[in-house]
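Engineer: Here's my sequence, what's the structure:
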Amino acid sequence: MSLRAPKGVGLAWQPENPALLGRAGSVASAKASSSSKSRGALFRVKGGVARHSMDFPHKNKEMDSCSSQDREDVSSKRSTTSPCLPGIIYPPTTTVGKSTNIFWQECMVKKQDREAMLGQKGCVVWITGLSASGKSTLACALDHALLSRGKLSYVLDGDNLRHGLNNNLGFSAEDRAENIRRVGEVAKLFADAGLICIASFISPYRKDRDSCRQLLPAGDFIEVYLKVPLSVCEKRDPKGLYKLARAGKIKGFTGIDDPYEEPHNCEIVMEIDDGAVPTPSEMADTVISFLEQEGYLPAKQNSNNCSGVHTNIDCEG
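Structural biologist: Numbers count the residues shown, from 1 in each chain. Coordinates of the predicted model:
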């Protein structure tokens with residue numbers, strides 16, 4: 001039976017365990033008497049079961065005796081019990097940044113449930129390096145390789161996000177930091193959804209990358225550093241940006257007049273070996289092997305491997 005209240009009157013829930021506050025489970029498991037008396041009633045949750053405790057009058061003495069100051073105190077302090085309506089519990093609120101009076105809403109479906117359904121563990125593969133080091137190429141090859149295995153991933157690309165979410169940000173140090181902060185929060189949500197989130201960003205400042213790492217549980221942030229020399233990246237220059245930077249037409253370009261801070265303790269380093277540049281499929285293989293070893297992907301059972309990924313993409317991103 002659904003729980004109803006008179007028009008303009010809400011139902012109040014009071015679990016014996018305060019941890020049930022705001023949790024959908026406390027409502028989903030609620031049961032009420034089918035008697036007509038339960039309509040328009042105030043309910044108290046005991047042990048996850050909603051029980052009728054009193055008829056909810058449109059007007060009662062306790063409400064009449066509650067002063068306007070009491071009501072203001074309830075609104076401003078969000079106290080756990082109301083002086084106006086004894087037994088009503090308000091969920092605890094908090095302030096984060098400029099957001100006030102906010103409450104974290106828990107849901108019945110958890111990250112582990114989504115991971116079990118997908119057959120993988122959610123995480124963030126953060127690819128960092130100079131412009132033209134091959135970040136976007138690796139991200140797309142890895143995304144394709146995962147799809148070929150029946151696994152769900154999504155690529156967050158630096159330029160792509162600047163077309164929308166971050167189109168109000170420039171390339172000053174402050175804007176770069178905010179750009180990465182936003183991306184870190186989005187990547188965290190993808191990982192919580194059980195996806196393998198592949199973030200491809202120059203992300204030149206170490207502290208910004210480390211801040212993103214701190215958003216996730218230990219081990220769920222996998223930093224991949226494409227250690228390609230500036231001379232190689234500049235020689236590639238697929239977008240002509242290095243030429244513009246050298247000509248002074250682009251200011252604050254990473255590697256030219258703005259620094260790139262190498263990772264100190266990244267999980268994977270890709271670099272040129274004796275002048276040989278690894279192919280996109282080889283780089284994807286390396287990341288997938290790491291994901292398997294760390295338990296984010298189940299070991300593949302058949303003979304197919306990532307070498308089947310299309311590699312007709314120049315290593316430029």
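Engineer: Hmm, E223 and R213 touching each other?
Structural biologist: Yes - judged on CB atoms under 8 Å, R213 makes contact with E223 at a distance of 7.2 Å. Heads up, the C-betas are built off the backbone N, CA and C, glycines and all.
Engineer: what's the overlap in contacts for the two?
Structural biologist: Common neighbours of R213 and E223, counting by CB atoms under 8 Å, 6 or more residues apart in numbering, are W126.
Engineer: These two: which is more packed in?
Structural biologist: Shown here are R213 and E223; by other CB atoms under 10 Å, E223 has more neighbours (22 against 18).
Engineer: part of a strand, is that one?
Structural biologist: Yes - judged by DSSP: H, G, I helix; E, B strand; the rest coil, E223 forms part of a strand.
Engineer: State the pLDDT value of the nearest residue to it once chain neighbours are set aside.
Structural biologist: Leaving aside its sequence neighbours, E223 sits nearest to C266 (CB to CB, 6 or more residues apart in numbering; 3.9 Å). With respect to pLDDT, C266 scores 97.
Engineer: One more: P83?
Structural biologist: Here, the pLDDT recorded for P83 equals 51.
Engineer: what does the one 3 residues further on give?
Structural biologist: Reading off the confidence values, P86 has pLDDT 63.
Engineer: now the one 10 residues further on
Structural biologist: With respect to pLDDT, V96 scores 92.
Engineer: next one: S36
Structural biologist: pLDDT for S36: 40.
Engineer: Contacts only, for M283.
Structural biologist: Taking CB under 8 Å, 6+ apart as the contact definition, M283 lies against G134, L138, A141, L142, M270.
Engineer: what helix or strand does the second one sit in?
Structural biologist: This means L138. helix 135-148 (DSSP states H and E).
Engineer: Could you check the angle the next helix or strand after that helix makes with helix 135-148?
Structural biologist: With elements assigned by DSSP H and E, the helix or strand that comes after helix 135-148 is strand 153-157. Inter-element angle recorded for strand 153-157 and helix 135-148: 170 degrees (by axes from the mean of the first three to the mean of the last three CA atoms, to 10 degrees).
Engineer: Good, wrapping up.
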